[in-house]
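*Asks:* need a structure here:
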Amino acid sequence: MGTAPPSVPGDKKLRTPPNFFIMNLAVSDFLMAITQSPIFFVNSLYKGWIFGETGCKMYAFCGALFGITSMINLLAISIDRYIVITKPLQAIGWTSKRRTCHIILLVWLYSLAWSLAPLLGWSSYIPEGLMTSCTWDYVTSTPANKSYTLMLCCFVFFIPLGIISYCYLCMFLAIRHASRDVQKLGSQVRKSTLIQQQSIKTEWKLAKIAFVVIIVFVLSWSPYACVTLIAWAGYGSILNPYSKAVPAVIAKASAIYNPFIYAIIHSKYRDTLAEKVPCLHFLSQAPRRDCISVSHSDSSFRDSMLSRQSSVSKTKFQRVSSMSTTDTQLWSDVELDPIGHCLRSSYSLGTLRDKEYNSLAKQTNEQGSQSQEEVR
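*Replies:* This next block holds a predicted model:
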C-alpha cells in the first residue's frame, strides 16, 4: 500500500488534477491503516484497551479524521467527474491543479471539524465493542450524543452518498446521450465530434474505477452506520459487543481495499508500479488494441480519400483544414487519462491526414489552372 502515494509525484504522467484526488485518498487510507491496525492488533492480544484514556481519544480521533476524509474525498472525485463529463466546456476553466489543491484542503478541514467535535464536548470518544478500539459515544442516550450521531450520519454518510448517486446517474445519461448522437449522425459525424465522444468515454473509464471504490466504501461502512442508528433510535440494548466490534473492523478495513483497486485496476498506475517496482513487472499491460484499431481506421480513411482525389473540391479541403484548430483546442483542454496515448496517436495521424488534404488540394488547383491555360 505504501507504493501508491509515491507513484503520483514520481511520474509526470500522473500529476493531473484527478490523480491528486486519488493520491489524497491513498494518503488518508494509508494513515488510517497505520494508526488503527497496529493498535487494534495489540489490544486484541490483551483482550482489552491498554493505552489509557488519552490513547483512546487519539485513536478514535484519527479513525474519524481519516475515515471522514476518505468519504468526502470520494464525494469530491464524483463531483469532479460529473463536471468533466456532463459540462466539458465549464470543466476547462474549473479543472486546475490550484483549484484541486484548494478542494483537497477543504476536504481535510471539513473532516477535521467533525473529528474535533467530540474532543470539544459534543459527544465523546470511548472504547467500543470488545474494548479493543474506540469511537464516539453512540450508545449513551444523551442529547449531545444523539444529536452528534444523527448529524454525523447525515452530513458525512447519507447526504454525500445521495450526491454521489446523483452525479453517477447524470454521467451515465450523458454517456448514453452522446453515444446515441454519434449513432444518429453516422458517416456524417465530424472528427472533432468523435474525439469529444472518445474523451468523454475516457473520463467515464476513470469514473467507473472511482465508482468501484465508492461501492466498496459504502458496503464497508453501511453496517457500522446501521449499528449507530439502531443505538440512536433507543435500541442499543439489543446490540452485543460482537455486533458493535465486527462492523467497526469491516469499516476500517476499507482502507486496505482502495489502494488495490486504484493501483491495480487503473492502467497508468499499473504501468508506473511495474516501472518503479521491478518485481511487479507483470502488471505492465500490453499495447492496447485501441491504438491499433484507431490507426487502422485512420489509414483506411486516408486511402479512401486518396482514391477520390479527382473529385475533391477546394471548399472541402478548406472545411477539413479549419477543423484542425478546434481539435487542437480540444486536445489541450480535455484530459485524456487512461487511453490518452492512443488518442494522441490518432490525433497525430489526423494532422498528417489534413496535410495530405492540403497537398491534394494544391495539386488539384494546379491541374485546373493548367487545363484552363490549355483551353485559352
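*Asks:* Next one: Val246 from Val227, what distance?
*Replies:* Val246 sits 9 Å away from Val227, taking C-beta to C-beta, to the nearest Å as the criterion. To be clear about C-beta, it is placed using only N, CA and C from the backbone, and glycine gets the same treatment.
*Asks:* brain fart, Cys56
*Replies:* 19 Å.
*Asks:* same check, this time on Ile103
*Replies:* Per C-beta to C-beta, Ile103 is found 31 Å from Val227.
*Asks:* which intervals of this structure have sub-threshold pLDDT?
*Replies:* 1-15, 181-204, 206, 258-259, 262-270, 272-274, 276-376 (pLDDT under 70).
*Asks:* Can you give me the domain boundaries for it?
*Replies:* 4-283, 289-370 (automatic domain parsing).
*Asks:* So what touches the host helix or strand of Ala113?
*Replies:* In this assignment (DSSP states H and E), Ala113 forms part of helix 97-116. Outside helix 97-116, the residues that touch it by C-beta atoms under 8 Å, 6 or more residues apart in numbering are 15, 17, 20-21, 24, 61, 64-66, 68-69, 72-73, 76, 80, 152, 155-156.
*Asks:* State the number of residues packed around Gly52.
*Replies:* As a burial measure, Gly52 scores 9 neighbours (other C-beta atoms under 10 Å).
*Asks:* and it, how far is that from Phe66?
*Replies:* For Gly52 relative to Phe66 (C-beta to C-beta), the value is 21 Å.
*Asks:* One more: Val246?
*Replies:* For Val246 relative to Phe66 (C-beta to C-beta), the value is 20 Å.
*Asks:* Mind checking which of the two has more residues around it?
*Replies:* Neighbours of Val246 and Phe66, each counted by other C-beta under 10 Å, are more numerous for Phe66; the result is 24 against 15.
*Asks:* mind checking which helix or strand the more buried one is in?
*Replies:* helix 52-86.
*Asks:* ok, then the element right after that helix?
*Replies:* helix 88-94.
*Asks:* Tell me the helices and strands packed up against that following helix.
*Replies:* Using 3 or more C-beta pairs under 8 Å, 6 or more residues apart in numbering; DSSP states H and E, the elements in contact with helix 88-94 are helix 52-86, helix 191-232.
*Asks:* Just the buried residues of that helix, please?
*Replies:* Residues of helix 88-94 classed as buried by neighbour count (16 or more other C-beta atoms under 10 Å): Pro88, Ala91.
*Asks:* that older thread, with respect to Cys167, which of the helices and strands packed on helix 88-94 lies nearest?
*Replies:* The closest of those to Cys167 is helix 52-86. By C-beta to C-beta, the value is 3.9 Å.
*Asks:* tell me the angle that closest one makes with helix 97-116.
*Replies:* 150 degrees (axes from the mean of the first three to the mean of the last three C-alpha atoms, to 10 degrees).
*Asks:* Next, the buried residues of helix 52-86.
*Replies:* Counting neighbours by 16+ other C-beta under 10 Å, the buried set in helix 52-86 is 56-86.
*Asks:* Stretch 225-238 too?
*Replies:* Judged by neighbour count using 16+ other C-beta under 10 Å, the buried positions of stretch 225-238 are Ala225, Val227, Thr228, Leu229, Ile230, Ala231, Trp232, Gly236.
*Asks:* measure it end to end?
*Replies:* Using C-alpha to C-alpha, to the nearest Å, the end-to-end distance of stretch 225-238 comes out at 16 Å.
*Asks:* what angle separates the host helix or strand of Ile34 from helix 97-116?
*Replies:* Ile34 is part of helix 17-46 when elements are defined by DSSP H and E. For helix 17-46 against helix 97-116, the angle by the same axes, to 10 degrees is 30 degrees.
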